[in-house]
Structure formats: C-alpha cells, structure tokens
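**Student:** I would like the atomic coordinates for the input below:
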Amino acid sequence: MPKNERALPDGFMTVGKLAERMGVTVRTLQYYDREGLLSPTAESGGGRRLYTDKDMIQLHQILSLKSLGFSLDDIKNRLAPLDTPADVADALAAQAAAVREKIAVLTESLTAIETLRAEVLQMQTVDFKKYADIIVNLQMKNEFYWLIKHFDERTLDHIRSRFDKESGRAMLETFNRLQDEALRLQAAGEPPEGARGQALAAAFWQMVTEFTGGDMEILAKLMEMGSFDGADAAWRQRQAAASAYIEPALDAYFTRIGTGPTGEDMQ
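**Tutor:** Below you'll find the model as predicted:
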C-alpha cells in the first residue's frame, strides 16, 4: 500500500482511491463537490479530501441516476440521506423505480421504432411527413396509426390543420365510443330507426361533420377506410359490423331531418 494511503484514518479513502474504485475521474468528484452533490466526509491534516464507503454508495446513486438521463439538479432533489437501513432501502427503491420507468420508456421507444420500420417498408415510398404523423399517432397510442399511410396528402393536411394531439385523441375516443355503442345497440336488437339508434346517428353525424369541416371529398375518403389493403381482419370485421348498424341509422336520420349528407333535399 502506498505511504499516503497507509497514513489515512481507518475507514477513509482519498479522492483518487474513490475515483479508481468507481471508475470516474478525480475531476468529476471535485465537480460534484463544488455542485453540492457529494462532499467529502472529512479532510486530512494536509487538506486532502477523505471519503468513506457511505460516500461511495451515494456516488453510486449519483452515477446511476445520471445514467438514466437525470440532470444534476434533478439528482440533487432525488438524493436521500443514508443514515439508517431504512434510508438506504428507500434510496434503492427510488433508484429501482427510476430504472423501471426508464425501461418502460425505452421499451415504448423500441416498439415505436419497429412499428415505424414496418410501416416504411409497406409504404415503399419516402415520405417524412407521413412518418412524422405515424410517430405522433403512436405517441397518442392510436391503434389506427396504420391508416395514415393510406391517406393522400390533402386528407392529411386537413387532419393536421384541424387537430392537435389532444383534440385528435378526443376525436378518436368519440369514434371508438360511438362504434361500441352501435355494436351494443345491434346486439340488443335496437332498431336503427328507433330513438336510441337515431340518437347514435345524430352523434355520429355530428362527429363526421366536425372531422370533415363539411368537406365532402374528405368524407368520401373516410368512407373508403373499410376497404384499405393491409387492414387487420379483426378491424375489418368490426368496421363492417358497426357500419351495418350505423348506415341504416344515418339513412333514417337524414330522411327524418329532410336533408342529405351533402345538403340535398330528402323530401
């Protein structure tokens, strides 16, 4: 053992020794000291910084949180005193939670990357605007993200201009809720022209009007959704079943109000 190490009090190590054991530089430890993240427990008579095994555990906390992407300011707020076994256990539990959170984020990112790759190969064209739209919809957890590759640029521009993440998510929730309601009414034997069927038709047409802004070309494009190539079989089946109820409900609705979807007189 070097002479300067032998002269240390029991249970202490120099900044150089701590840096060596933890795989960091002395400069890093000096920086953490200046920033108030990790100060030496003591100083020798000669002014050398002295650290303990407890300091090494705290340094492990810092390095672990830093590797998870936390800023030094975040780490300061997350560091806990390590004076009792409960303190240590709590600190480790917090680290474990941070690791699990990071794993979840990375897993979600990996899934999005793999999904986008599959969509790119299916599209067979380079279209970064569509790629970006797909990413946004994956972040929204929109299960219909794959429909984007079937829309033309005019339809997508329309959607981009009318909806942000929040309003887009609300529209999707409305669409799914109304489809679920159509399937429920169908299963219950409720006639499309009945009161409940007509309430559904009114709500559905209001949603369509809000989505299209009255643009019939956009409406025509939406009507093609059930026939897109590559659509999942279960999705096709659901669309067909819901449409089998919604379409006659809308027919009855337009007849009742006397105006068709394009504003024509139904009388």
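
**Student:** just say helix, strand or coil for residue 126.
**Tutor:** Secondary structure, DSSP: H, G, I helix; E, B strand; the rest coil: residue 126 is coil.

**Student:** next one: residue 95
**Tutor:** helix.

**Student:** quick one: the closest residue to residue 53 other than its chain neighbours from residue 22, how far?
**Tutor:** Nearest residue to residue 53 in three dimensions, chain neighbours excluded: residue 11, at 7.2 Å (CB to CB, 6 or more residues apart in numbering). C-beta coordinates here come from the backbone N, C-alpha and C atoms, glycine included. Using CB to CB, to the nearest Å, residue 11 is found at 17 Å from residue 22.

**Student:** the two: which has the busier surroundings?
**Tutor:** Comparing residue 11 with residue 22 by other CB atoms under 10 Å, the one with more neighbours is residue 22, at 16 against 12.

**Student:** need the contact list for that one.
**Tutor:** By CB atoms under 8 Å, 6 or more residues apart in numbering, the contact set of residue 22 is 56, 59-60, 63.

**Student:** 10 Å - rerun?
**Tutor:** Applying CB atoms under 10 Å, 6 or more residues apart in numbering to residue 22 gives the contacts 28-29, 51, 55-56, 59-60, 62-63.

**Student:** let me have the residues you listed in CSV, extended by secondary structure and pLDDT.
**Tutor:** Listed next are the contacts of residue 22 as CSV, based on DSSP: H, G, I helix; E, B strand; the rest coil; pLDDT from 0 to 100:
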residue, secondary structure, pLDDT
28, helix, 94
29, helix, 94
51, strand, 93
55, helix, 90
56, helix, 90
59, helix, 90
60, helix, 89
62, helix, 88
63, helix, 89
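
**Student:** so among those residues, which ones count as buried?
**Tutor:** Listed as buried from the contacts of residue 22 are 28-29, 51, 55, 59, 62-63; burial here means 16 or more other CB atoms under 10 Å.

**Student:** ok, those residues vs residue 72, which is closest?
**Tutor:** For the buried ones among the contacts of residue 22, the closest approach to residue 72 (CB to CB) belongs to residue 62, at 8.5 Å.

**Student:** so that closest one sits against residue 71, correct?
**Tutor:** No. In this structure, residue 62 is not within contact of residue 71 by CB atoms under 10 Å, at 11.7 Å.

**Student:** what residues are shared contacts of these two?
**Tutor:** What both residue 62 and residue 71 touch, as defined by CB under 10 Å, 6+ apart, is an empty set.

**Student:** before we move on, the earlier item: is the residue nearest to residue 53 in a helix, a strand, or coil?
**Tutor:** coil.

**Student:** all strands of the stretch 101-250 of the chain, in order?
**Tutor:** Along the stretch 101-250 of the chain, no stretch is classed among the strands by DSSP state E, counting those that start in this stretch.

**Student:** where in it is pLDDT low?
**Tutor:** Applying pLDDT under 70 to the stretch 101-250 of the chain flags the ranges 144, 146-147, 150, 216, 219-232.

**Student:** any chance you could map the helices in it?
**Tutor:** Using DSSP state H, counting those that start in this stretch, the helices of the stretch 101-250 of the chain run over 128-139, 153-162, 165-187, 195-212, 216-223, 233-257.

**Student:** and of the ones you listed, who's closest to residue 17?
**Tutor:** helix 128-139 (46.3 Å).

**Student:** and that closest one with helix 153-162, angle?
**Tutor:** Here the directions of helix 128-139 and helix 153-162 differ by 50 degrees (axes from the mean of the first three to the mean of the last three CA atoms, to 10 degrees).

**Student:** kind regards, and thank you for your time.
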